[in-house]
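Novice: Got a predicted model here, sequence first, then my questions.
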Amino acid sequence: MARILITSAIPYINGIKHLGNLVGSQLPADLYARYMRDRGNEVMFICATDEHGTPAELAAAKADKPVEEFCAEMHQTQARIAEGFRLSFDHFGRSSSPQNHALTQHLAGKLAEAGLIEEVSERQVYSHADGRFLPDRYIEGTCPNCGYDKARGDQCENCTKQLDPTDLIEPRSAISGSTDLEVRETKHLYLRQSTMKDQLDSWINSKTDWPVLTTSIAKKWLHDGDGLQDRGITRDLNWGVPVKKGNEDWPGMEGKVFYVWFDAPIEYIAATHEWADAHNKDDADWLRWWRTDKGADDVRYVQFMGKDNVPFHTLSFPATIMGSGEPWKLVDYIKSFNYLNYDGGQFSTSQGRGVFQDQALEILPADYWRWWLLSHAPESSDSEFTWENFQAGVNKDLADVLGNFVSRVTKFCRSKFGEEVPEGGTLGDTEQTLISELTKRIRAYEDHMDAMEVRKSAAELRAIWVAGNEYLQSAAPWSVFKTDPETAAAQIRLSLNLIRLYAVLSEPFIPDASARILEALQTEDDSWPDDIVTALSVLPAGHAFTVPDVLFSKITDEQREGWAEQFSGTRE
RNA sequence: GGGCCUGUAGCUCAAUUGGUUAGAGCAGAGCGCUCAUAACGCUUUGGUUGCGGGUUCAAGUCCUGCCGGGCCUACCA
């Protein structure tokens, strides 16, 4: 039994996320966590909300709520949605937790002791009307290069020229529109990750099994231009982790907080601490996942994230961990994803384009989304959601191939033998053929799941479902029954056991349907089929079951057309 | 501008890292079955692998030049 630590990139707090966010990290992480648990491993699956930063403050202001209250409510909302999608986090934490405050401050103190923190005085734009310093992107003005009047302070979207906010002609706040801006001197802490470049480089180079997407992004940041740059890890904001050196005040840093990208990944660790506290456990219980000197040396740590998160997880966070000089667990494998597009364009939060997570759950059960999204996960390149593909995939795979198989077997049994597993008869060559095919396919499924090959796993699972229909067609118990009911009984006994096997194998993808099948079969035996023959004899002759309701009803053309219309434009 | 990824059947994707005749699912066509959610099974149509050069006994795979799509480019996260 292995110990697997799994983290999903933590979703930002400023609103409800769309399906792209789900398929890019949380859903595949959940698939892997469920599978690893099903295989009997000890799993710690952690996620959280990422709550700090300017956008959170602005979203709270827009909602006319104090930021603490806004974040607390939105955390609850996101937690409910995660529950709705059956994301099986061991803990869903908050980056604003006291545990994260303490750990972030502690690690900053350690980095300072190691000489890896530098104080830098810099000039930032302050807006009197907004009462805050403005990040470059929140300053708008006329581009000095092309004259575009909505250029942002970091870059002109029109001519793509990189800008400094002070380059802008007639700069104004993007928040309030105020032109009452002032350049102020302010002091910030920088993480001297440039001094760790070689260490990070050799670490990345040692990860030869990582996806190209992951390592190429890391190498680009390490070697591009002047190489890895130092990074500011503090901000002039109210909402965040106050800058401290461990428990001590940090002279000159009063009123400042750590930058959200500094404290967000630390929350992976702190959330595990939150988990321990929430379950009345000791520090040792969470430290054994994270400290290699306290039991974590045999932990395999896997991170899931969208490609936009890769630099922070391959460079900044490892620099924090390594630089601390303490034996915190470094990530062993990073599974990164491309983006999911919506019907020919990007999902857009601001334009309300695409399907948001709360809306998805309102129109269809979680399993529909889980199956389609995972079987189309954007692994090798961006992938695309269209209503036609979604309808076709869900109807064919879930309703016709799997759902109908369960239906035809249980209903046939009920009509010919009653609602219990029939006895008598023996198995023949057709059954041997099925068993050898299942054995081969299930081992392939395990290999793909172990390798986190999401789409290939889904395709193999589907092929396993298809094998059941092929078997029924060649065994044809409905004709055999007319002349040889004993043999038909043996065939149906095997088929009923096959349904249980499907429930077990499918659990990581479609946990609700899996549970409903096991309930209908009136069994709690969900053990993994290490041996197929054994697994196909779990339900003995005489075992009672019930015929389940339709597992997956089909998406109609009318529904599809209605939803395509409903989600094309602005969110209600 | 720079870097990276990507382009394979009408659609969504494979192809053991250079090795037989480029494979699956969906959609289309034909046949079969009648237990089942008009479901299932079998057979089948469909490709000059974006385009042009090159290396090689051998190229979807490597090199090069175009064309198209996408992402990142460090103060949104």
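Specialist: Perfect, thanks for sending it. Numbers count the residues shown, from 1 in each chain, chains lettered A, B, ... in the order given.

Novice: what secondary structure does whichever residue of the stretch 351-500 of chain A sits closest to RNA strand B sit in?
Specialist: Scanning the stretch 351-500 of chain A for the residue nearest RNA strand B gives A:G403, at 1.8 Å (criterion: Cβ to the nearest atom of the strand). Where you see a C-beta, it was placed from the backbone N, CA and C, and this is true even at glycine. Under DSSP: H, G, I helix; E, B strand; the rest coil, A:G403 falls in the helix class.

Novice: and it, what pLDDT?
Specialist: Looking at A:G403, its pLDDT stands at 97.

Novice: in chain A, which segments are predicted with low confidence?
Specialist: Applying pLDDT under 70 to chain A flags the ranges A:157-162, A:344, A:349-352, A:569-572.

Novice: hmm, back to that, for the nearest residue in space to the residue of the stretch 351-500 of chain A closest to RNA strand B that is not next to it in sequence, grab the count of nearby residues.
Specialist: Counting by Cβ to Cβ, 6 or more residues apart in numbering, A:G403 lies nearest to A:L551, which is 4.0 Å off, once chain neighbours are set aside. Neighbour count for A:L551, taken as other Cβ atoms under 10 Å: 20.

Novice: Now do the same contact list for A:L551.
Specialist: For A:L551, the contact set (Cβ atoms under 8 Å, 6 or more residues apart in numbering) comprises A:398-399, A:402-403, A:406-407, A:513, A:516-517.

Novice: same check, this time on A:L200
Specialist: A:L200 neighbours (Cβ under 8 Å, 6+ apart): A:193, A:218, A:222, A:228, A:314-315, A:318-319, A:322.

Novice: Could you list the residues of the stretch 151-300 of chain A in contact with RNA strand B?
Specialist: Within the stretch 151-300 of chain A, the residues that sit near RNA strand B (Cβ under 7 Å from any atom of the strand) are A:153-155, A:160, A:162, A:188, A:212-213, A:216-217, A:220-221, A:224-225, A:227-229, A:231-232, A:235, A:259-261, A:264.

Novice: and these, which are buried?
Specialist: A:153, A:188, A:213, A:217, A:221, A:228, A:231-232, A:235, A:259-261, A:264 (16 or more other Cβ atoms under 10 Å).

Novice: In strands, which of these appear?
Specialist: A:188, A:231-232, A:235 (DSSP state E).

Novice: Quick check: A:A114 vs A:G246, distance?
Specialist: As defined by Cβ to Cβ, to the nearest Å, A:A114 lies at a distance of 13 Å from A:G246.

Novice: got it, and A:F262?
Specialist: 15 Å.

Novice: do the same with A:E419
Specialist: Between A:E419 and A:G246 the distance is 66 Å, computed by Cβ to Cβ.

Novice: same thing with A:F481?
Specialist: From A:F481 to A:G246 the distance is 76 Å (Cβ to Cβ).

Novice: Mind checking which of the two has more residues around it?
Specialist: More crowded of A:F481 and A:G246, by other Cβ under 10 Å: A:F481, with 19 against 14.

Novice: Just the element for that one, please.
Specialist: Assigning secondary structure by DSSP states H and E places A:F481 in helix A:477-483.

Novice: Restrict that helix to CA atoms and write it as PDB.
Specialist: Output in PDB follows, covering the C-alpha atoms of helix A:477-483 (Å, rounded to 0.1, in the frame of the first residue of the first chain):
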ATOM      1  CA  PRO A 477     -29.400 -16.100 -23.100                       C
ATOM      2  CA  TRP A 478     -32.800 -15.100 -24.400                       C
ATOM      3  CA  SER A 479     -32.600 -17.900 -27.000                       C
ATOM      4  CA  VAL A 480     -30.600 -20.300 -24.900                       C
ATOM      5  CA  PHE A 481     -33.300 -20.000 -22.300                       C
ATOM      6  CA  LYS A 482     -35.900 -21.600 -24.500                       C
ATOM      7  CA  THR A 483     -34.000 -24.900 -24.800                       C
END
